[in-house]
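*Asks:* Output the structure for:
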Amino acid sequence: MATIDSETGHTLIYRHSLAVRLSHWVNVLSLTVLLFSGLQIFNAHPALYWGQYGADNDPSFISMEAVEDGNQVKGLTHVGSLTFNTTGFLGFSNVDGETTVRGFPSWLTVPSYQDLSTGRRWHFFFAWMFVLNGVVYLVHGLLSRHFRRDLAPTGNELTLAHLGHEIVNHARLRFPKGAEARHYNTLQKLTYLVVIFVLLPLMIATGLTMSPGFNAVAPWLLDVFGGRQSARTIHFLTAFSLVAFVVVHVAMVILSGVFNNLRSMITGYYAIEQGGRQ
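*Replies:* Residues are numbered from 1 along each chain as shown. Sure, this is the predicted structure:
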């Protein structure tokens, strides 16, 4: 389905179905609250371990703390054997002139004050919203052939020459026009597939592994992830991998035309120019 925009003369194509658009915006809301409430939960014990157990005196994978240094207090972040001074942000925050000992600062957590039980309620509510939305999206994607039609790369697209060409175009911020703009490019397809079928399921599975109630139903998950603390660490790293994806995704949306991209995710219609890449 294509029409002509009378103001610009560009071709408008119907790029995103209603189901894709709705699931996208539900995901935006759910993942935003999940991230901020997850940081609230992390602040209750700002350290990550590997294995079944983890406590204050155990070696940690990542940890944040506040330490006294003479008359001052410093915020330190430990990543393996490396230590970083993160005073004012991680470990020891300064917000509106008030200093607070906490992992992540108050402006990054839901709620802003330290309250583990409230953070858990926010986190669990939006986790189920996210899961149910994902189930609807997966069913729609399979029945409508959205995954096969729009996201599955062809053999030619997976050649090293083609992938190298796509990487160069992205690095030079050369965005497609004409027929090429009607479809996702190869890097987009591969990235979306990794997010949809690897990162998001991994985040859900590790979240369930941390639940003692779910352990009674599926105790084998603890073995799969090497223990509850390992699952917590993978959950944390997966969440921040998604944050990295979102940062790059938003940057590309802005650079390739924020109005056009937002319009396509709100109305479904995307404007394309004639010709090759810019």
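
*Asks:* can you give me the strands for the chain?
*Replies:* With strands called from DSSP state E, the chain shows them at 2-4, 11-14, 47-48, 62-69, 72-79, 82-85, 91-95, 98-102, 269-272.

*Asks:* of all these, which lies closest to residue 37?
*Replies:* Closest to residue 37 of the strands of the chain is strand 98-102 (C-beta to C-beta; 14.7 Å). For the C-beta atoms, the positions are set from N, CA and C on the backbone; glycine is no exception.

*Asks:* tell me the mean pLDDT for the closest one?
*Replies:* Mean pLDDT, computed over strand 98-102, is 75.

*Asks:* now do stretch 80-93
*Replies:* 92.

*Asks:* so where's this structure shaky on pLDDT?
*Replies:* 1-2, 4-9, 95-99, 274-278 (pLDDT under 70).

*Asks:* Please work out how many residues are found near the nearest residue to residue 236 once chain neighbours are set aside.
*Replies:* In space, and not counting its chain neighbours, residue 236 is closest to residue 48: 5.7 Å by C-beta to C-beta, 6 or more residues apart in numbering. If you count neighbours by other C-beta atoms under 10 Å, residue 48 ends up with 21.

*Asks:* contacting residues around residue 48?
*Replies:* 54, 60-63, 229, 232-233, 236 (C-beta atoms under 8 Å, 6 or more residues apart in numbering).

*Asks:* quick one: which of those is nearest to residue 79?
*Replies:* Residue 79 lies nearest to residue 62 out of the contacts of residue 48, by C-beta to C-beta, at 5.5 Å.

*Asks:* Which parts of the stretch 1-150 of the chain are helices?
*Replies:* Residue ranges of the helices in the stretch 1-150 of the chain, as given by DSSP state H, counting those that start in this stretch, are 18-43, 116-143, 146.

*Asks:* Which one of the ones you listed lies nearest to residue 155?
*Replies:* Nearest to residue 155, of all the helices of the stretch 1-150 of the chain, is helix 146, at 20.0 Å by C-beta to C-beta.

*Asks:* number of nearby residues for the residue lying closest to residue 150 once chain neighbours are set aside?
*Replies:* Distance criterion C-beta to C-beta, 6+ apart; nearest residue to residue 150, sequence neighbours excluded, is residue 184 at 6.3 Å. By other C-beta under 10 Å, the residues close to residue 184 number 16.

*Asks:* Please apply the same query to residue 190.
*Replies:* 17.
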